[in-house]
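J.: just the structure for this:
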Amino acid sequence: IGFSITTLIFEIPSGVLADKWGRKKTLFLSQTFFIISMLIIIFGSLFWHFFIASIFIGLWWACYSGTGVAFFYDTLIELKRKKEYEKLMGRLSLFTGVIGFIAAFSAGFLFNIDIRLPYVLSAIFTLLSLFVILYLTETKLHKHAEEETFFSHFKSSIKQVIKTEYLAFILVFGAVLGWALDFIFSYSQIYFKLINIPIVLFGIIFAFEALIEGIGGWSADKIKKYFSYKSIFSSSLLFTLLIIFLMSYIRSYIGILLFLLVMFINGMFRIIRRGYIHDRVKSYNRATIDSISTFGMSI
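T.: Next up, the predicted model:
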């Protein structure tokens, strides 16, 4: 609840902040929030400590979600490689999936050594990421929209979404399908307990989940070459609905395969949806509109 409410409140303001203040500064702020959350978890021992940590994780996600992709897309425009967005973001997704596989697979062993060790390592690597961010270069294409106030920038972005039919469609559609995919992931541990999967296997399942989702992102560019947006969006929705229906009735280990299949769709759809959006918006409010899209899922 702490995480959800925080992302709901700060998702769009963080997008406006990224557009007006700068993506590099907002990314630095997001990672700082994450380090604070890890430190609270490392030294915390009471419920309200972890609740506050969840709030800071919500601030991290709100500041990162729209900013990172907007920064990435504008960089490709400046390098005249915009058409390679799905291809390059897919590679990044696969790389992240491999790292996620290693992290999830090793988490159980780290917890056996010391329950705080995974969080200590997360804080250390995130601290290193701050130095990487300092060496990033803000794109020249990015305009800070200095003639607009914070609220007028938000208002103009909302108007652009409402007046542009294809943007309004993908934001609403993406929110519905994105929620369904997130719902399956968020409640998967309860589902695994329901079908009597030993908890010791959870880490292995989520290791493969990270890898499969990465492969889904890597395949986005290839799928986009052979199918239209209409085909991809409609089939993603139908397959997700079918999997939800099957998981509702199947009480066996086959449910694990269904879960991994829907995570493949999640990895693929996330990249194609954002590519569709960013190809149709301007640089000066790119992060704000991306945040509006994520805000729909947060609701």
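J.: neighbours of T67, how many?
T.: 27 (other C-beta atoms under 10 Å). Where you see a C-beta, it was placed from the backbone N, CA and C, and this is true even at glycine.
J.: let me know the secondary structure of the residue lying closest to I205 once chain neighbours are set aside.
T.: Nearest non-adjacent residue to I205, counting by C-beta to C-beta, 6 or more residues apart in numbering: I256, 6.1 Å away. State at I256, reduced to three classes by DSSP: H, G, I helix; E, B strand; the rest coil: helix.
J.: ok, I256 touching Y191?
T.: No. Under the criterion of C-beta atoms under 8 Å, I256 makes no contact with Y191, lying 9.5 Å away.
J.: and the gap between the residue nearest to I205 and V262?
T.: 11 Å (C-beta to C-beta, to the nearest Å).
J.: higher neighbour count, these two?
T.: Legend: neighbour count by other C-beta under 10 Å for I256 and V262, higher for V262 (26 against 19).
J.: tell me the contacts of the more buried one?
T.: L181, I184, F239, T240, I243, I244 (C-beta atoms under 8 Å, 6 or more residues apart in numbering).
J.: test my guess that the last one contacts I184.
T.: Yes. Under the criterion of C-beta under 8 Å, I244 makes contact with I184 at 6.9 Å.
J.: so for the two, which sits in the more crowded spot?
T.: Counted by other C-beta under 10 Å, I244 and I184 do not tie: I184 has more neighbours, with 20 against 15.
J.: the more buried one: helix or strand, and which one exactly?
T.: helix 165-186 (DSSP states H and E).
J.: what residues of that helix count as buried?
T.: L167, I170, L171, F173, G174, A175, L177, G178, A180, L181, I184 (16 or more other C-beta atoms under 10 Å).
J.: would you turn these into JSON lines with pLDDT and distance to F131?
T.: Shown next, in JSON lines, are these (pLDDT from 0 to 100; distance: C-beta to C-beta, whole Å):
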{"residue": "L167", "pLDDT": "79", "distance to F131": "36"}
{"residue": "I170", "pLDDT": "83", "distance to F131": "36"}
{"residue": "L171", "pLDDT": "82", "distance to F131": "35"}
{"residue": "F173", "pLDDT": "89", "distance to F131": "39"}
{"residue": "G174", "pLDDT": "85", "distance to F131": "34"}
{"residue": "A175", "pLDDT": "85", "distance to F131": "35"}
{"residue": "L177", "pLDDT": "90", "distance to F131": "37"}
{"residue": "G178", "pLDDT": "86", "distance to F131": "32"}
{"residue": "A180", "pLDDT": "89", "distance to F131": "38"}
{"residue": "L181", "pLDDT": "90", "distance to F131": "33"}
{"residue": "I184", "pLDDT": "91", "distance to F131": "36"}
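J.: so what does the helix holding I184 touch, helix or strand wise?
T.: helix 150-163, helix 229-249, helix 254-278, helix 286-298 (3 or more C-beta pairs under 8 Å, 6 or more residues apart in numbering; DSSP states H and E).
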